[in-house]
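> Using only what follows, build the 3D model:
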Amino acid sequence: MWVGCFGELVFSVSNRRIFTPDSISGSAGSEWAAHNTIGGKPKSEKTGVKLKKRKFTITLDSQFGESPRVTLALINKMVEEGRVDYLIIGSMPVGMCQYKMTDVSDDWEEVVADGKLARCKVEITLEEYV
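The predicted model follows:
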């Protein structure tokens, strides 16, 4: 069953494969400036809107149909190339804009015989691309 995607990363679940984003979180905000006044408190002025961010974790596990090293290499290539695409969960894009992949961190949880990576968690950070 198709869950969503970000570019070449296709999130899906089946009886042979589990590749889904977990702990999806987001942030939004606004930019403010403070203008000093004589003898009074600074005056606040909204100067703009911050870019929205999304962060999620993917578990790469060889037991669930993923080759952790191959998929991790693809994700690292995507962030280094500055990949920009829509984040789609379900049948709808998340937000109105595309996102750029800005950061990737990985945690190797299990390495087995011959140094084979069996399971790792990858945290991906996306930022709105305007």
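> Next, the residue of the chain positioned farthest from its centre: secondary structure please.
Relative to the mean C-alpha coordinate of the chain, counting by Cα atoms, centre = their mean, the farthest residue is Gly39 (46.2 Å). Three-state assignment for Gly39 (DSSP: H, G, I helix; E, B strand; the rest coil): coil.
> Let's see the pLDDT reported for it.
Gly39 is assigned 93 on the pLDDT scale.
> Quick one: the helices in this protein, in order.
68-81 (DSSP state H).
> so where do the strands sit in it?
2-6, 9-13, 18-19, 21-27, 30-35, 43-49, 53-61, 84-85, 87-89, 92-93, 98-112, 116-129 (DSSP state E).
> Name the residues that touch the least confident helix or strand in the chain by mean pLDDT?
Using mean pLDDT, DSSP states H and E, strand 18-19 stands out as the lowest-scoring helix or strand of the chain, at a mean of 82. Strand 18-19 has contacts (Cβ atoms under 8 Å, 6 or more residues apart in numbering) with 9-13, 58-61, 64-66, 71. Yep, even glycine has a C-beta here, placed from its N, CA and C like the rest.
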